[in-house]
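*Asks:* Okay, predicted coordinates and the sequence, questions at the end:
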Amino acid sequence: NDDTLGRTYDVMRGIEGFLNSTYVHSAFEDEWPTLGELIRADKRLILFQHHADLSYCGSNAIADCPPPFHSYLRYFWQTPWHLREAPTLLNPDESCKYLTYGFSDDRPLILSNHFATEPSYGLPLRAIAEEVNTIEALRERHEACREPGRLGEEFEPNVIMVDFWSVGDVLEYVREENLKRAGVVETEGPTGGPTIGPTEIPTDSPTATPNAEPSEGPTPALPSDPLGGGDGAEDSHSGAVTTLLMPITALLSLMGVAALFPPW
């Protein structure tokens, strides 16, 4: 056991305002806030631990990690992460299923592992990412997973994991899904550029309950385009990097993140 998670917490605690921006889910059975509720409560970060050390998390690392960390294996269903080569990932019979291990059978969140590795050593390859990170591949695979007999219509991932997130159309797909799930349509503005607006007038809804912990301070700045535009980094890879997605929650992985925060 090392104290990686504990040392991570110490680093975050030393950044002014960082912990004040984190959301803590008070009870497992509670409904998760929407992105809009999180933004209005100024709680833009949700932290999940994966394989954290026992010394920091107590006797049960899967269930008992303290705030602001949440157990990934307790809250998430996930699709297979061990697939080799692009055709295997893009075959819904192989990739449209849930792995069964985890802490509970009533997990409320879904993670879609949308990456494949080279066949010999299981290493990521940019060439594979170029094939599977296209908007067509992302749409087709996730639509196929929603078909009857596979994962069904309830398959609405909250997070998508990819290799080389800056390669292809990952951010475009995430933006498209966020807009669709939020009931927003794009139309051409008076200057020829797109404008966005809700398809329905939103009803009043409660905001996420602010955490009592911890200190005051400024919150991190949002991306220049909160809906996911912009050119991103030149090239980014650290295994399967989390790309935030979907309006149910905003999730932050300790591995790396491209954050998209729709403003509704």
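*Replies:* It's in. Everything numeric here is computed off the predicted structure, so don't read it as measured data.

*Asks:* Low-confidence regions, the protein specifically.
*Replies:* 1-3, 51-64, 102-104, 185-264 (pLDDT under 70).

*Asks:* the strands in it, which residues?
*Replies:* 47-49, 69-71, 76-78, 109-113, 159-162, 184-188, 194-198, 241-244, 257-258 (DSSP state E).

*Asks:* Count the neighbours of residue 127 for me.
*Replies:* 11 (other Cβ atoms under 10 Å). Bear in mind the C-beta positions are built from the backbone N, C-alpha and C, glycine included.

*Asks:* Likewise for residue 84?
*Replies:* 16.

*Asks:* partner residues bridging it?
*Replies:* Judged by DSSP bridges, the bridge partners of residue 84 are residue 117.

*Asks:* thought it was touching residue 121?
*Replies:* No - contact criterion Cβ atoms under 8 Å: residue 84 and residue 121 do not qualify, at 9.8 Å.

*Asks:* Now do residue 120 against residue 84, distance only.
*Replies:* Distance of residue 120 to residue 84, given as Cβ to Cβ, to the nearest Å: 9 Å.

*Asks:* wait, what's in contact with the closest residue in space to residue 88 that isn't next to it in sequence?
*Replies:* What sits nearest to residue 88 in space, not counting adjacent residues and going by Cβ to Cβ, 6 or more residues apart in numbering, is residue 94, at 5.1 Å. Residues in contact with residue 94 (Cβ atoms under 8 Å, 6 or more residues apart in numbering) are 80, 83, 88.

*Asks:* Pop out the phi and psi values for residue 151.
*Replies:* phi -90, psi -10 (degrees, to the nearest 10).

*Asks:* Could you verify my assumption that residue 38 touches residue 32?
*Replies:* No - assessed by Cβ under 8 Å, residue 38 is found out of contact with residue 32, at 9.3 Å.

*Asks:* the more surrounded of those two?
*Replies:* With neighbours defined as other Cβ under 10 Å, residue 38 and residue 32 compare such that residue 38 has more, 21 against 17.

*Asks:* what's the distance between that one and residue 21?
*Replies:* If you go by Cβ to Cβ, the gap between residue 38 and residue 21 works out to 10 Å.

*Asks:* For these two, list the residues in contact with both.
*Replies:* Common neighbours of residue 38 and residue 21 (Cβ under 8 Å, 6+ apart) are residue 44.

*Asks:* Just give the number of residues close to residue 141.
*Replies:* So residue 141, with other Cβ under 10 Å, has 19 neighbours.

*Asks:* what sits against it?
*Replies:* 89-90, 92, 95-96, 114, 132.

*Asks:* Residue 90: neighbouring residues, count only.
*Replies:* 18.

*Asks:* An error on my part: the question was meant for residue 169.
*Replies:* There are 16 residues near residue 169, going by other Cβ under 10 Å.

*Asks:* Might one say that it is in contact with residue 131?
*Replies:* No - contact criterion Cβ under 8 Å: residue 169 and residue 131 do not qualify, at 11.9 Å.

*Asks:* do you know how far residue 131 is from residue 125?
*Replies:* 10 Å.

*Asks:* Same question for residue 28.
*Replies:* 38 Å.

*Asks:* For the protein, which segments count as helices?
*Replies:* 4-13, 35-40, 54-57, 72-75, 86-89, 92-95, 126-132, 135-145, 170-181 (DSSP state H).

*Asks:* what about those, which gets the closest to residue 106?
*Replies:* helix 72-75 (9.9 Å; Cβ to Cβ).

*Asks:* name the helices or strands packed onto that closest one?
*Replies:* Helices and strands touching helix 72-75, by 3 or more Cβ pairs under 8 Å, 6 or more residues apart in numbering; DSSP states H and E, are strand 47-49.

*Asks:* Tell me, how many residues neighbour residue 40?
*Replies:* 16.

*Asks:* got it, and residue 153?
*Replies:* 8.
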